[in-house]
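Novice: model this:
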Amino acid sequence: MCHHSLGPFQFGPNVNFIVGSNGSGKSAILTALIVGLGGKATITNRGVSLRGFVKNGESTADVTVKLRNRGPDAYKGDVYGDSICIEQRISCDGVRTCRLKSKSGHLVSNKKEELTSILDHFNIQVDNPVSILNQEMSKQFLHSKSEADKYKFFMKATLLEQMKRDYIHIKQTKAVTREQVELQEECLKDLKQEFLQKKERYENLSSVGNMKKTLEDLKKMMAWCLVREKECIVQQLQEQIDAEESNHKHEDNLQLCQNKVSVAEEKLQDMQSRLESRREEEETLSEDCLKIKEEVKAKIKAQKEQEVVYFRALNKLKQSEKEQCLLQERINKVKNLGRQNQAAEAEHSKRLQKISSLRTQLEKHEEECRTLNQEIKDKQQALFKGKEELDKLRLEEKNIQVSMEAKLKRKNQLLASRSNKLKRFGDNMPDLLDTIYKAHIQGRFIKKPIGPIGACINLKDPTLAVAVESCLRSFMKTFCCDNYKDEAVLQELMSHYFSKGNRPQIIVSAFSNTVYKVQGRGVNHPDYPSVLDSLIIASPVITNCLIDMRGIESILIIKEKHAARKVMQHGRPPRNCREAFTVEGDQVYPNRYYTPDFSTAKYLGGDLETEIRMVESELENYKAQLSRFQQHVRSVTEDIQHMEAQLHSTIMTLKKTLATVNQVKASVTELENVEEEQTDDISTLEEVAQENQQRIDCEKKTMEEAKKELEEHQKRTGDVEGQYKDVRNRIEQLAEEMEPLKEDQGKAEVECCKLDKTLKILEKKLKDHQDNIQAMKTDLVLREEEVAEFVAKAKEISPERRKVDRSAKSIDVEITRLRKKIGVQESSHGDHEQVVREYAEALANYRDKSNQVRDLKKFIDRLDNIMSDRQTRYKIMRRSLSVRCKLYFNNFLIKMNCCGSMMFDHNNETLSISVKPPGRENDGMSDMRSLSGGERSFSTVCFILSLWEITESPFRCLDEFDVYMDMHNRRISLDLLLELSERQHLRQFFFITPLSTSNLPESDHIKIHQLQDPERAKGQTGE
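Specialist: Numbers count the residues shown, from 1 in each chain. Presented below is the predicted three-dimensional model:
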């Protein structure tokens, strides 16, 4: 230091301004305050050692600081009084001595620990920049461009950095302590082993006689213990026999299954009888239909013939009536005219010639009429046959269309199964499985149903697809449920996708994770595999279901037909083999042979593209057949239309010919009447007219009878046609009724087969149950004899029975140990006193070390809990202080009409400050480097004030805060500082500035200390 003497200074209780030019000692006062309160030389940033503070030519330097010590928070008020005097003396070699005196000047202590206690009591932190901020500290942290330096300043000011260092030190100490505990635990194991060895030697000092006596007692206990164990086995076996005999579950299940079988068989018989009655009725109706059809043909033929008779009679009547009219005209003409005409004879010969010519024409036309009638009959018969052929062709065409639609539907399923193989089993099957999965996730199933079965099996040999599918055709779309509750839920889900008659079958059987053992009841052929051997089934549930319901372990697959017939029908079938299937799907029994109605696999087809090509080829064939049938139908239809046109033309020709015949007859009659008029008299004409009238009456009667008979024919034809239609409708109705009956019959047969399988299984279980009981009874007799032998041997060793509560194994171990121990004791005995002393020392050493390790473990566990809680509190406190600091910072900037932000990143340990000066509010945020020197100093002051607001300290020192400020920013900063000092009037503030303080307001709280200008001398330099 360059000052010989500086002070004393009597500071005010609130605001103190220390004003002076450079070199006047302003910073020396701040340095003296730090050193006087026990601070290190490095904190002052004015030297690295205390000896640098001793003036050249002097041996020591003295600093005295007085602290106020009043109020309820005074430190040892009865010892120090109202003030504490701290005297620090620094020698030229850097040694510092401290003396703590009371108000009266009495020396209280000269220990550094007492000074530390005083500082801690008053919360004085000389190394905290919030309490004392000198120029170097401000440059290092506040004016640094590094955001990490600003964050370090915030942590140092809020003492969070010190807390962090303490936590790290505690963790390191805890890790070292844990390592020591682990080492002590290893040592403890050795001590325990040594202790146990000493203990064993100590315990071995017991009397060998007592051990022998104990050994004999153990032998007797061993004898009766063996008896007790054998009796327990006999008792357990007897209890098992009683439990098995009282268990009637198998009988009840068998009886229940037998009842179900009876009900199912009755139901099947009822369905068969109903189906058989409908089949018989259908056959009867078919025969009746053929008879009625022939009768319809006969009635129609008779009706046509009667129509010809009727029209002939009608035409004859009309002709007679016309002749009667002409005769009547002739009579009238004869009456009016006389026989005066002489020219009549000349015309008589002429009329005779004409009449002869007309009669020749008449015979010719009548012959044409007969020919036309026969032609009409032939064409009507040909037309009837043509219509029958057309009906048959249309029926065939309809069948081909139905087959083509089925193949088209199959093709669409195969195309859809390219992306989803489940669509082979129906378009709705993927949606059903998704619904089942969602219902299982929701907990609606006890166990998720498995299916369809066809999707759960794979073939070892793809060429056997048709054979396996022919065997399992009715089970390909079947689902398996574990219980009836799951079945009800699955039925409800299926109702959304399938109609009642088309839902997949559901088999209910308890799920098992193991596959049935079928070695004894399965077929085993050296050349041909069973269906079970040909399949790859991942789920045991599916395997067990197919074994129960279809018996796939007893069905062979034989590729060639002749080989299948030879194996199954030309001798005794293989053992346990019920049936076999060929590669084409033919079903072979020992006494019968069935061919399937399909040639390709619908569900198990391996090569999807090949199957699609096959289906497309079949579709093309069906289309070609349909085209041919349609062309044939069109040809037959055209022929029928042509025949109908020819028939109509022939009928029209007949009608024209009949009209010509009638005209010719009328002409002949007219000419004959003219001849008669000339030869006959009036009386003769009247007689002829009378006879003609009688003939007309007779013809009318004949026509009416023909008409009546025609109506009867029409009525009978209509009745027969209605009867034929009723029979056809009934046949179709029976066919529709038989379809669901056939499905129900198939289901009933499957159910009966299932129940038969279940019945056989239950019978086998009952037999196994009875055999097990018999075997246990036989074992019980042997066990009782063995117990009697053991009791006899035990009485030889110990006549009186002993109560034993230990196991034979533990007694045997104890006997072996005692024998060894007795042998060791008998061979050598050690010094008794030495053994006792070593045992006591080992026990005490082991207990002490064990207690130490236990206490250290408890301490570490407690320290873990405390550190976890303190870390959480530390983070909460850090966040709270940062939030409060940002709020106060923004508040101080607002007073300068500025806006800004303060961003803390605790993870990366950075603090960024961005400020918008007045007039640049619309610009983007910029950091403090873009501000002017005064604005940056003002922002720094705002940051310092924000830290003052969130930290506690009895006094605060700020060195040359306004050096780089213009007068406007300096005035605002002073106003902020004075405003804060008024709010915190119980604290002391020290503001060091080289500038004038004339513009400060007059107040009792403000005290200005004006330092004298320095004396410049040669060789001396200012501060």
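
Novice: tell me the SS of Leu556?
Specialist: Secondary structure for Leu556, judged by DSSP: H, G, I helix; E, B strand; the rest coil, is strand.

Novice: Now for Gln491, how many residues are close by?
Specialist: When counting by other C-beta atoms under 10 Å, one arrives at 14 neighbours for Gln491. All C-beta atoms are positioned from the backbone trio N, CA, C, and that covers glycine.

Novice: From Ile506, how far out is it?
Specialist: In this view, Gln491 and Ile506 are 7 Å apart by C-beta to C-beta, to the nearest Å.

Novice: now Asp869
Specialist: 60 Å.

Novice: Return the residues in contact with the closest residue to Glu375 other than its chain neighbours.
Specialist: Spatial nearest neighbour of Glu375, chain neighbours left out: Thr650 (5.4 Å); criterion: C-beta to C-beta, 6 or more residues apart in numbering. Counting by C-beta atoms under 8 Å, 6 or more residues apart in numbering, Thr650 makes contact with 372, 375-376, 379.

Novice: how about a cut-off of 6 Å?
Specialist: 372, 375-376 (C-beta atoms under 6 Å, 6 or more residues apart in numbering).

Novice: So which of the residues you listed is the closest to Met271?
Specialist: Comparing the contacts of Thr650 against Met271 with C-beta to C-beta picks out Ile376 as the nearest, at 54.0 Å.

Novice: gap between the residue lying closest to that closest one once chain neighbours are set aside and Val309?
Specialist: Distance criterion C-beta to C-beta, 6+ apart; nearest residue to Ile376, sequence neighbours excluded, is Thr650 at 5.4 Å. Per C-beta to C-beta, Thr650 is found 19 Å from Val309.

Novice: And Cys577, by the same measure?
Specialist: Separation of Cys577 from Val309 (C-beta to C-beta) stands at 75 Å.

Novice: Looking at the two, which has the bigger crowd around it?
Specialist: Comparing Cys577 with Val309 by other C-beta under 10 Å, the one with more neighbours is Cys577, at 20 against 16.

Novice: Next, the contact list for the more buried one, please.
Specialist: Taking C-beta under 6 Å, 6+ apart, we find Cys577 in contact with 523, 554, 556.

Novice: what about the longest helix in this structure?
Specialist: helix 682-797 (DSSP state H).

Novice: Packing partners of that helix?
Specialist: Under the contact criterion of 3 or more C-beta pairs under 6 Å, 6 or more residues apart in numbering; DSSP states H and E, helix 682-797 touches helix 208-246, helix 249-336.

Novice: In stretch 754-762, which residues are buried?
Specialist: By neighbour count with 16 or more other C-beta atoms under 10 Å, stretch 754-762 contains the buried residues 754-755, 758-759, 762.

Novice: Same question for stretch 515-535.
Specialist: Buried residues in stretch 515-535, counted by 16+ other C-beta under 10 Å: 516, 518, 522-523, 525, 528-535.

Novice: Tyr497 and Thr435, how far apart?
Specialist: 8 Å.

Novice: Repeat that for Asn662.
Specialist: From Asn662 over to Thr435 the distance is 83 Å, taken as C-beta to C-beta.

Novice: what helix or strand is Gln64 on?
Specialist: Slight slip there: residue 64 is Thr, not Gln. strand 60-68 (DSSP states H and E).

Novice: Next SSE downstream of that strand?
Specialist: Next element after strand 60-68 (DSSP H and E): helix 77-80.

Novice: is it fair to say Leu100 lies in a strand?
Specialist: Yes - Leu100 forms part of a strand when assessed by three-state DSSP.

Novice: Quick check: it vs Lys111, distance?
Specialist: Counting by C-beta to C-beta, the gap from Leu100 to Lys111 is 8 Å.

Novice: For the two, work out which one has more neighbours and name it.
Specialist: When neighbours are counted by other C-beta under 10 Å, Leu100 and Lys111 differ, and Leu100 comes out ahead with 21 against 11.

Novice: OK, contacts around that one?
Specialist: 108-109, 114.

Novice: hmm, 10 Å instead?
Specialist: Neighbouring residues of Leu100 by C-beta atoms under 10 Å, 6 or more residues apart in numbering: 79-80, 84-87, 106-112, 114-115, 117-118.

Novice: Filter the residues you listed down to the ones in strands?
Specialist: Within the contacts of Leu100, residues falling in strands by DSSP state E are 84-87, 107-109.

Novice: can you put these in a markdown table and add pLDDT, neighbour count and distance to Ala840?
Specialist: Shown next, in a markdown table, are the ones in strands among the contacts of Leu100 (pLDDT from 0 to 100; neighbours: other C-beta atoms under 10 Å; distance: C-beta to C-beta, whole Å):
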| residue | pLDDT | neighbour count | distance to Ala840 |
| --- | --- | --- | --- |
| Ile84 | 88 | 25 | 58 |
| Cys85 | 90 | 21 | 62 |
| Ile86 | 87 | 19 | 59 |
| Glu87 | 85 | 17 | 61 |
| Leu107 | 86 | 11 | 56 |
| Val108 | 85 | 16 | 54 |
| Ser109 | 86 | 17 | 50 |
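
Novice: could you redo the helices and strands packed on helix 682-797 as TSV and give each row mean pLDDT and distance to Gly71?
Specialist: Below are the helices and strands packed on helix 682-797 laid out as TSV (pLDDT from 0 to 100; distance: least, C-beta to C-beta, whole Å):
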stretch	mean pLDDT	distance to Gly71
helix 208-246	80	81
helix 249-336	80	92
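
Novice: a markdown table please, covering those and showing distance to Gln984.
Specialist: Shown next, in a markdown table, are the helices and strands packed on helix 682-797 (distance: least, C-beta to C-beta, whole Å):
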| stretch | distance to Gln984 |
| --- | --- |
| helix 208-246 | 87 |
| helix 249-336 | 90 |
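
Novice: right, so of these, which gets closest to Met738?
Specialist: Using C-beta to C-beta, the helices and strands packed on helix 682-797 put helix 249-336 closest to Met738, at 5.4 Å.

Novice: Please compute how far that closest one lies from its chain's middle.
Specialist: When C-alpha coordinates are averaged (C-alpha atoms, centre = their mean, to the nearest Å), helix 249-336 and its chain have centres 63 Å apart.
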